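Enquirer: Below is the sequence, then the predicted model.
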Amino acid sequence: MSSARKLIIAIDGPAGAGKSTTARLVAQRLGYVYVDTGAMYRALTLAALRRGVPLEEEPLAELARQVRIELQPSPDGQRTLLDGEDVSDAIRLPEVTQAVSRVSAFPAVRRILVEKQRELGREGGVVMDGRDIGTVVFPHADVKVFLTASLEQRARRRARELRQQGVQVAEHEVARELALRDRLDSERSDSPLRPAPDAVVIDTSELSIEEQIERVLALVYERLGCNRVQQ
Ligand code: DC
């Protein structure tokens, strides 16, 4: 699209609410860059597990200062590089998923990664997905969306995704893991998962991907002062 103004669009919400798919496709439609901030916490977690770094605040903060985490736009959304190695698949491993909420709860770790995220979004023209984008990373984001969905629906979607990748999982197991992660992400004292006061909350339980995209784009065009989708 041709608007001169390049917005910062924050998409927050719990795991499995549809953030990454929606954010990626909204970015594609707008010609914006998609930034999956969860991938940064995952890459740091992977580095810690590989190197045997204790999952404690200071060692992790030290590691966060040492490693180079890069996000590169790619046709399927984003590739994640850790010291130059493509770890886009490795960061989705179950052991990373299990440890990432612990790693991301430490304030010293968050400070370092939030700094990198602000750098990535500084010029605008980004759709950033995470847990604290609208509350902490970009409290002045132009558009703030908080996507939610019922636990059952989120577990169903996540299980389907995993099956497509060849991983057989029981839906109730996925639901248990999601509920635990929701609790850890929402109850941590630094930047807990919660909607910004000015975020638009969208429950995606009954929405198709296309409907989710349309809702977010409507907010974007409203913000840009035009009422029609331009491509
Ligand atoms: O979106 P995801 O499931 O890949 O995120 C992985 C973890 O990273 C999630 O459990 C919480 C954390 N996270 C965070 O604390 N802040 C963000 N902005 C993004 C993710």
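Expert: Alright, I've got the coordinates. Numbering: from 1, shown residues only.

Enquirer: drop to CA atoms for contacts and neighbour counts, all remaining ones
Expert: Noted.

Enquirer: Spatially nearest residue to Thr22, not counting backbone neighbours?
Expert: Excluding the flanking residues, the one nearest Thr22 by CA to CA, 6 or more residues apart in numbering is Ile213, at 5.7 Å.

Enquirer: helix, strand or coil for the one you found?
Expert: Secondary structure, DSSP: H, G, I helix; E, B strand; the rest coil: Ile213 is helix.

Enquirer: can you confirm Ala15 is in a helix?
Expert: No: judged by three-state DSSP, Ala15 forms no part of a helix; its state is coil.

Enquirer: who's in contact with it?
Expert: Ala15 makes contacts with Arg154, Leu178, Arg181, Asp182, as judged by CA atoms under 8 Å, 6 or more residues apart in numbering.

Enquirer: I'd like the distance between it and the ligand.
Expert: Ala15 is 5 Å from the ligand, where distance means CA to the nearest ligand atom, to the nearest Å.

Enquirer: My guess is Asp182 contacts Pro14. True?
Expert: Yes: taking CA atoms under 8 Å as the definition, Asp182 is a contact partner of Pro14 at 6.2 Å.

Enquirer: pretty sure Val136 is touching Pro192, no?
Expert: No: using CA under 8 Å, Val136 is not in contact with Pro192; the gap is 9.7 Å.

Enquirer: Show me what from the chain comes close to the ligand.
Expert: For the chain, the contact set with the ligand under CA under 6 Å from any ligand atom comprises 15, 37-39, 41-42, 100-101, 104, 130-133, 181, 185.

Enquirer: Next step: those restricted to strands.
Expert: Counting by DSSP state E, the part of the residues of the chain next to the ligand found in strands is Gly130.

Enquirer: out of the residues of the chain next to the ligand, which is most surrounded?
Expert: With neighbours taken as other CA atoms under 10 Å, the top of these is Ile133, carrying 31 neighbours.

Enquirer: residues contacting the closest residue to that residue other than its chain neighbours?
Expert: Distances taken as CA to CA, 6+ apart put Ala10 closest to Ile133, at 5.5 Å, once the chain neighbours are dropped. Residues near Ala10 by CA under 8 Å, 6+ apart: Val127, Met128, Asp129, Gly130, Ile133, Gly134, Phe138, Ala141, Asp142, Val143, Lys144, Val145.

Enquirer: Kindly indicate which of the residues you listed lies nearest the ligand.
Expert: Among those, Gly130 lies closest to the ligand (CA to the nearest ligand atom), at 3.5 Å.

Enquirer: dump the residue contacts of that closest one.
Expert: Neighbours of Gly130 in contact, by CA under 8 Å, 6+ apart: Ala10, Ile11, Asp12, Gly13, Lys19, Asp36, Thr37, Gly38.

Enquirer: Please apply the same query to Val100.
Expert: Tyr41, Arg42, Thr45.

Enquirer: 6 Å - rerun?
Expert: Contacts for Val100 were tallied using CA atoms under 6 Å, 6 or more residues apart in numbering; they are Arg42, Thr45.

Enquirer: Could you check how far Leu30 is from Pro195?
Expert: Using CA to CA, to the nearest Å, one obtains 24 Å as the distance from Leu30 to Pro195.

Enquirer: Great, nothing more from me.
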